[in-house]
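> with the sequence up front, the predicted model follows.
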Amino acid sequence: SKNMGPFDPLLYMLLDGTDTEKELVSQIRAVWHVIDLDKTDLVSFEQVREGLLKLNLTPRVRLNEEDFASATEDYALCDSERRLALEGFQVLIHNQLATYLQRRLSDAAAIASPHGEGEAMLQGLKIVLTVLSRNDVAKVPGYGGSARQ
């Protein structure tokens, strides 16, 4: 895809190795443990950037401060010192996965024959994903609505 997001190599890796939500959650936790090296249960932008580089993904995840701000919803998922806890990291990854899948579906729909069965199915999946990605964040305790006030 021409419009790659900064987390795409990580998201591809997460989706590639998982078939169930349980597997995905455990993969996300494994990534978290690589990032939270000092075991403080809070990670800064620098720790996220370094941790993602340590994963040796291809292409490399090159995260900048602007990407981090955007992915954390202008730090709404972070504490007052702009650090992420595991819960915030999980929300970030779920949001990134939703937009990643929406982008991939858009790319696939553009390739599918216009007005064909494949295109209709892809557009339908895209709508379902959009609805799911809006509802999930609000369900995470301490995040969603309460983090933005």
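Happy to help now that I have it.
> what's the first helix or strand after the host helix or strand of residue 67?
Element membership for residue 67 (DSSP states H and E) is helix 65-71. As assigned by DSSP H and E, the chain's next helix or strand after helix 65-71 is helix 86-111.
> count the neighbours of residue 84 for me.
Using other C-beta atoms under 10 Å, residue 84 has 27 other residues around it. For the C-beta atoms, the positions are set from N, CA and C on the backbone; glycine is no exception.
> close enough to count as contact, it and residue 78?
Yes - counting by C-beta atoms under 8 Å, residue 78 is a contact partner of residue 84 at 5.4 Å.
> lowest mean pLDDT among the helices and strands, pick that one out for the chain.
In the chain, the helix or strand scored least confidently by mean pLDDT, DSSP states H and E is helix 117-139, which has a mean of 64.
> now for the host helix or strand of residue 33, which elements pack on it?
Element membership for residue 33 (DSSP H and E) is helix 21-35. Contacts defined by 3 or more C-beta pairs under 8 Å, 6 or more residues apart in numbering; DSSP states H and E place helix 21-35 against helix 8-16, helix 45-54, helix 86-111.
> quick one, the first one and helix 86-111 angle?
Orientation of helix 8-16 against helix 86-111 (axes from the mean of the first three to the mean of the last three C-alpha atoms, to 10 degrees) gives an angle of 90 degrees.
> what is the orientation angle of helix 8-16 with helix 21-35?
140 degrees.
> buried ones in helix 8-16, by neighbour count?
8-11, 13-14 (16 or more other C-beta atoms under 10 Å).
> could you redo the residues you listed as TSV and give each row pLDDT and distance to residue 35?
Formatted as TSV, these follow (pLDDT from 0 to 100; distance: C-beta to C-beta, whole Å):
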residue	pLDDT	distance to residue 35
8	95	17
9	95	15
10	96	11
11	94	15
13	92	14
14	92	13
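> nearest to residue 38, of those?
residue 10 (20.6 Å; C-beta to C-beta).
> OK, contacts around that closest one?
With contact taken as C-beta atoms under 8 Å, 6 or more residues apart in numbering, residue 10 is in contact with 31, 52, 55, 57, 61, 93.
> compute the distance between the last one and residue 87, please.
It stands for residue 93. Distance, residue 93 to residue 87, by C-beta to C-beta, to the nearest Å: 11 Å.
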